[in-house]
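Engineer: Task: produce atomic coordinates for the following.
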Amino acid sequence: MVRPISLRLRNAKILARARATLARCDEEDRLQRATKFWGLKALHACREAFALDEKTNFRFMPESEQEQVRKWRKFIEAELRRISGDR
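Structural biologist: Here you go, the predicted model:
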């Protein structure tokens, strides 16, 4: 005699998988939002740091170093904007 498969057990497994999938999606969304948030915070801190550096150190730097710092600032801000999704 063949034993019937319990539909409750099968439904419980399907529901457990569905819940796990939804939890994973929610976690991914939360991580994306957190990454964007912290990217914006880092961008703000970077801008403040470079502004302070310009006020205090730029007048004592040779022109070549000033140009290098400007390139770094441009590169760093572009990367942080990309991370935070800020255009």
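Engineer: Any idea which helix or strand in the protein has the lowest mean pLDDT?
Structural biologist: Within the chain, confidence by mean pLDDT, DSSP states H and E is lowest for helix 7-57 among all helices and strands, at a mean of 86.
Engineer: what packs against it?
Structural biologist: Here helix 7-57 touches helix 63-84, going by 3 or more CB pairs under 8 Å, 6 or more residues apart in numbering; DSSP states H and E. C-beta here means a position set from N, CA and C on the backbone, and glycine is covered the same way.
Engineer: Who are the packing partners of the helix it packs on?
Structural biologist: Under the contact rule (3+ CB pairs under 8 Å, 6+ apart), helix 63-84 is packed against helix 7-57.
Engineer: Next, the angle helix 63-84 makes with the helix it packs on.
Structural biologist: If you take axes from the mean of the first three to the mean of the last three CA atoms, to 10 degrees, helix 7-57 sits at 160 degrees to helix 63-84.
Engineer: distance between helix 7-57 and the chain's centre?
Structural biologist: Distance of helix 7-57 from the chain centroid (CA atoms, centre = their mean, to the nearest Å) equals 6 Å.
Engineer: Excluding chain neighbours, what is closest to the residue positioned nearest the centre of the chain?
Structural biologist: Taking CA atoms, centre = their mean, the centroid of the chain lies closest to Thr35, which sits 2.3 Å from it. Leaving aside its sequence neighbours, Thr35 sits nearest to Ile83 (CB to CB, 6 or more residues apart in numbering; 6.7 Å).
Engineer: Number of residues surrounding that neighbour?
Structural biologist: 15 (other CB atoms under 10 Å).
Engineer: repeat for Asp53
Structural biologist: For Asp53, using other CB under 10 Å, the count is 13.
Engineer: List the residues that contact the closest residue to it other than its chain neighbours.
Structural biologist: Spatially, and ignoring its direct neighbours in sequence, Asp53 is nearest to Val69 (7.0 Å; CB to CB, 6+ apart). Counting by CB atoms under 8 Å, 6 or more residues apart in numbering, Val69 makes contact with Phe50, Asp53, Phe58, Met61.
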